[in-house]
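In: Generate coordinates for the sequence data below:
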Amino acid sequence: MPTALPKRFLTGLAALAAGAALARPAEAHPHVWVTTKAEIAYGEGGRVTGIRNAWTFDASYSAFVVQGLDTNGDGVFSPDELSSLARENTANLAEFGYFTKLKVAGKEQLFADPTEPRMAMADGKLTLTFLLPLKAPVAQGRGVTTVEVYDPTYFVAFGLSDEADAARLTGAPAGCAASLTRPKPDAGKTADGRTPDGKTADAKPGLSEAFFEALTASANYGSQFANRIIVACP
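Out: Model prediction:
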């Protein structure tokens, strides 16, 4: 990923990138780990209206980014104390397309400005939630709706939650159902040989960190690590 990207992340999610770079070995890539959930919202006439993302950040990033935010010194990070960080995080994501792609019947959809940014801390991990409304609601009909969340440069590793509510539908027409597809554990290579879940460190080293630093969003390297939510309706 270009060295300019962490500089553009000076607030909000950028702080996560900077913090993770300090917390993890410099040669490791990716630097940030995020567990995701998504809720696909439907409105009048069975039209897709938007996506509510819920991203839980790794403990190292979470600890770094909340430094100085416990303003009352009670050792608890309240939603009020985290509200400005939530707004900054969400606003800064616009430059990167919110790391989210939504296609309905094969056509990529455009998002309006995000709303309802919130953050909460639980068990030492920070979770950001925000709603991405579509600029124009779109009918799915008998087509397929697909959601992908990933960083094209793989600085941030997104992975779908293993919990039952990793993908939810609200207001969907009767009979619509969501299925999940995850990348193979050995998909792609990282600088230190880790698999995309970040848990396997004994694999043979793959691509160098210099390779990742040279990536731009147009390279779309991270797409091979994308987790997909696929919604089909009768």
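In: Buried residues in the host helix or strand of K101, which are they?
Out: Secondary structure from DSSP states H and E places K101 in strand 100-104. For strand 100-104, burial by neighbour count (16 or more other CB atoms under 10 Å) applies to 100-104. All C-beta atoms are positioned from the backbone trio N, CA, C, and that covers glycine.
In: Just send those residues back as a markdown table, with pLDDT too.
Out: Below are the buried residues of strand 100-104 laid out as a markdown table (pLDDT from 0 to 100):
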| residue | pLDDT |
| --- | --- |
| T100 | 95 |
| K101 | 94 |
| L102 | 96 |
| K103 | 95 |
| V104 | 93 |
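In: starting at the chain centroid, how far to the strand holding K101?
Out: Centroid displacement of strand 100-104 relative to its chain, using CA atoms, centre = their mean, to the nearest Å, is 13 Å.
In: Give me the sheet partners of that strand and which way each runs.
Out: Here strand 100-104 has these sheet partners by DSSP bridges: strand 107-108 (antiparallel), strand 144-149 (antiparallel).
In: Can I get that strand as PDB, trimmed to CA atoms?
Out: Extracted in PDB, the C-alpha atoms of strand 100-104 (Å, rounded to 0.1, in the frame of the first residue of the first chain):
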ATOM      1  CA  THR A 100     -17.900  -2.000   0.900                       C
ATOM      2  CA  LYS A 101     -19.400  -3.100  -2.500                       C
ATOM      3  CA  LEU A 102     -23.000  -3.800  -3.100                       C
ATOM      4  CA  LYS A 103     -24.300  -5.300  -6.400                       C
ATOM      5  CA  VAL A 104     -27.900  -5.900  -7.200                       C
END
